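K.L.:
Coordinates for the following, if possible.
(chains A, B, C and D)
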Protein chains: 2
Amino acid sequence: MNDTFKALSDPTRRQIIQLLKERDMSAGEIAEQFSISKPSISHHLTILKNAKLVQDERQGQSIIYSLNTTVIQEALGWFLGMLGTKGEDEK
Amino acid sequence: MNDTFKALSDPTRRQIIQLLKERDMSAGEIAEQFSISKPSISHHLTILKNAKLVQDERQGQSIIYSLNTTVIQEALGWFLGMLGTKGEDEK
DNA sequence: ACTTTATTTAGATGATTATCTAAATATCAA
DNA sequence: TTGATATTTAGATAATCATCTAAATAAAGT
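P.N.:
Below is the predicted model of the structure:
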């Protein structure tokens, strides 16, 4: 869970996730959307991958990244928990 | 929004939020729950406050912290957006 | 076997961050 | 106003992080 929040704390990585929400994209396509270098994007993708927020699959020369909504659902669950009734678990 | 995610990227701060979910607490009470120094907790509280995730109110000698669920709801909205239908906004 | 294209790895650097101790501020009580 | 309690501010430090350039790896085409 900590990896998830850490990964999401960077705005570039959140934008990457937003891109992948629309459609799967190669590392290069993703990098095109940003003004930072490809190695930097690659680094961000590694962090997202370690957090299991994205998956990658080689397709010929390209590596296609896609969103893993499972982990996003888990994070969403954390927020739902924070909105539960105050002190609900005290009994 | 970035402040929110940045604030939530630290495990101590997330724990503080979980504590405040149960009940309002003074800075001292919060600090008791952790093994780090009071100034460090104070620093974390400042970050949470800047992100508007918590509110504070002086009550005598103590300063009582409470959760602001509005911002949590907004963050929850972000996650919901990431789970929407793929490419839903293309039309 | 080369060359091109796509991506990652390595190594370095500057910025941000979490933490600490010591000192300052604020409130209350005697 | 002095003393005790609660909290924050200041300043320092070590660790983490985002970024870069240069080099390495991998696949595909000629």
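K.L.:
Look up the closest residue to residue A:48, ignoring the ones flanking it.
P.N.:
residue A:54 (4.5 Å; C-beta to C-beta, 6 or more residues apart in numbering or on different chains). Every C-beta, even on glycine, is put in place using the N, C-alpha and C of the backbone.
K.L.:
Which residues are in contact with the residue positioned nearest the centre of chain A?
P.N.:
Chain A has residue A:53 as the residue nearest its centroid, 3.9 Å off, counting by C-alpha atoms, centre = their mean. Counting by C-beta atoms under 8 Å, 6 or more residues apart in numbering or on different chains, residue A:53 makes contact with A:4, A:7, A:8, A:17, A:67, A:68, A:71, A:72.
K.L.:
In a markdown table, list these along with pLDDT.
P.N.:
A markdown table is the format used below for the contacts of residue A:53 (pLDDT from 0 to 100):
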| residue | pLDDT |
| --- | --- |
| A:4 | 98 |
| A:7 | 98 |
| A:8 | 98 |
| A:17 | 98 |
| A:67 | 98 |
| A:68 | 97 |
| A:71 | 97 |
| A:72 | 97 |
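K.L.:
Pipe the residues you listed into JSON lines and attach distance to residue B:45 and secondary structure per row.
P.N.:
Formatted as JSON lines, the contacts of residue A:53 follow (distance: C-beta to C-beta, whole Å; DSSP: H, G, I helix; E, B strand; the rest coil):
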{"residue": "A:4", "distance to residue B:45": "23", "secondary structure": "helix"}
{"residue": "A:7", "distance to residue B:45": "24", "secondary structure": "helix"}
{"residue": "A:8", "distance to residue B:45": "22", "secondary structure": "helix"}
{"residue": "A:17", "distance to residue B:45": "29", "secondary structure": "helix"}
{"residue": "A:67", "distance to residue B:45": "34", "secondary structure": "strand"}
{"residue": "A:68", "distance to residue B:45": "33", "secondary structure": "coil"}
{"residue": "A:71", "distance to residue B:45": "28", "secondary structure": "helix"}
{"residue": "A:72", "distance to residue B:45": "28", "secondary structure": "helix"}
